[in-house]
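[1] here is the input, now give the coordinates:
(one chain, ligands or ions: 1)
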Amino acid sequence: MIDLVAIRSGRGGLNLASSAGLSLRGLLLVGLLIGGHAFAEEKGGMAMDHSMQGGMVMDATGMVMNANSERLPEDCEKISRDYEFTVIAGTKYAEPFADTMFGFNQHEWKVEPCSRITVTFKNEDQVRHQWMVHGLPKYIYDQGMFHMEAAGGHTQVGTFIVPSDDRTYLAHCDIAQHMEKGMKAQLVVGRGDGDLWSIPGLTAKFERPPTATFLPRWIWLGLLLVGFISAAYLWPRLIKRGR
Ligand SMILES: [Cu+2]
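    Numbers count the residues shown, from 1 in each chain. This next block holds a predicted model:
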């Protein structure tokens, strides 16, 4: 009996070791993937990065990736409703909001669960823009993403189908700094599951605004600590001198 337990725990140890090895390998792989991704982004932008993937229509005017107008998410019995949105991208739509530079004509869309959405994505700027939705089911959408990109002055049309759960999806432009500068929006399915932060005209910025007096908390803590230590050091000396 004791032997058995020993063998079992021995095996357990082995399993632990091999699974630790596996997860280390997994980590390395993830690291490589992220590194490779960053490298591809730097080398040739999104076009190169995604050119290996299926489900993509691409030409000089832009692209539509993972378009889906037929396949139902597993939790949907049928298409509940069809929507047609025109999403316009441009610097002009940033004007109403402080510290933004780019924007969409709308930063929120509301749809019913299991609906089919056709987006006409129109880019009024000279630079390219994207409208990318994240968090969709990966068994339909590669990387859980529906992605449109329109070259300057061009329009793309694409369709996708959302699942049945109440959820708020991020829709944004992934080109460097475009989301930070205003190209962030949300697609609310059903009741959604909470607003995203920093949506122009909709939700507050998550970061506190930088001011002259603002310092990170750890600096304040450090200063406080230095204060305590010097007080503890100086106090007995001051008392001595007083005598
Ligand atoms: Cu953009």
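[2] so where's this structure shaky on pLDDT?
    Judged by pLDDT under 70, the chain has its weakly predicted residues at 1-54, 206-216, 242-243.
[3] tell me the domain ranges of it?
    Per the record's domain assignment (automatic domain parsing), the chain is made up of the domains 6-49, 56-189.
[4] please convert those domains to a markdown table, extending it with distance to residue 203 and mean neighbour count.
    Just so you know, the C-beta spots here come from the backbone N, C-alpha and C atoms, and that holds for glycine as well. Formatted as a markdown table, these follow (distance: least, C-beta to C-beta, whole Å; neighbours: other C-beta atoms under 10 Å):
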| stretch | distance to residue 203 | mean neighbour count |
| --- | --- | --- |
| domain 6-49 | 26 | 11 |
| domain 56-189 | 9 | 18 |
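[5] for those, give me CSV that also has distance to residue 223.
    Formatted as CSV, the domains of the chain follow (distance: least, C-beta to C-beta, whole Å):
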stretch, distance to residue 223
domain 6-49, 36
domain 56-189, 30
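[6] would a markdown table of the ones you listed with distance to the ion be doable?
    Shown next, in a markdown table, are the domains of the chain (distance: least, C-beta to the ion, whole Å):
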| stretch | distance to the ion |
| --- | --- |
| domain 6-49 | 10 |
| domain 56-189 | 3 |
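[7] which positions within stretch 190-202 qualify as buried?
    190, 192, 196, 198-200 (16 or more other C-beta atoms under 10 Å).
[8] what is the end-to-end distance of it?
    Stretch 190-202 has an end-to-end distance of 18 Å (criterion: C-alpha to C-alpha, to the nearest Å).
[9] quick one: contacts of that stretch?
    94, 96-97, 100, 103, 107-108, 110, 112-113, 164-168, 170, 182, 184-186, 203-206 (C-beta atoms under 8 Å, 6 or more residues apart in numbering).
[10] stretch 133-143 too?
    53-55, 65-66, 68, 71, 73-74, 144-147, 160-163, 167, 169-172, 187.
[11] ok, 7 Å please
    With C-beta atoms under 7 Å, 6 or more residues apart in numbering as the test, stretch 133-143 has contacts from 53-55, 66, 68, 71, 73, 144-146, 160, 163, 169-171, 187.
[12] mind listing which of those residues are in helices?
    Using DSSP state H, no member of those falls in helices.
[13] other SSEs contacting the one helix or strand residue 223 maps to?
    Assessed by DSSP states H and E, residue 223 sits inside helix 217-242. Where contact means 3 or more C-beta pairs under 7 Å, 6 or more residues apart in numbering; DSSP states H and E, helix 217-242 is not packed against any helix or strand.
[14] which parts of this structure are strands?
    Ranges of strands within the chain are 56-59, 62-65, 82-90, 103-104, 108-111, 116-123, 129-134, 145-150, 155-161, 167-172, 184-189, based on DSSP state E.
[15] want to try a markdown table for these, with distance to residue 227 as columns?
    Listed next are these as a markdown table, based on distance: least, C-beta to C-beta, whole Å:
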| stretch | distance to residue 227 |
| --- | --- |
| strand 56-59 | 59 |
| strand 62-65 | 56 |
| strand 82-90 | 51 |
| strand 103-104 | 46 |
| strand 108-111 | 47 |
| strand 116-123 | 55 |
| strand 129-134 | 46 |
| strand 145-150 | 50 |
| strand 155-161 | 57 |
| strand 167-172 | 43 |
| strand 184-189 | 41 |
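[16] okay, stretch 172-186 in CSV with CA atoms only?
    Extracted in CSV, the C-alpha atoms of stretch 172-186 (Å, rounded to 0.1, in the frame of the first residue of the first chain):
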residue,chain,number,x,y,z
HIS,A,172,-11.3,49.7,-33.5
CYS,A,173,-8.6,50.7,-35.9
ASP,A,174,-5.4,48.7,-35.2
ILE,A,175,-3.0,51.0,-37.0
ALA,A,176,-0.4,52.3,-34.6
GLN,A,177,-1.8,55.0,-32.3
HIS,A,178,-5.2,55.3,-34.2
MET,A,179,-7.2,53.7,-31.4
GLU,A,180,-5.4,55.8,-28.7
LYS,A,181,-6.3,58.8,-30.8
GLY,A,182,-10.0,58.2,-31.1
MET,A,183,-10.7,55.2,-33.3
LYS,A,184,-12.2,53.1,-30.6
ALA,A,185,-15.9,52.0,-30.6
GLN,A,186,-18.2,49.3,-29.2
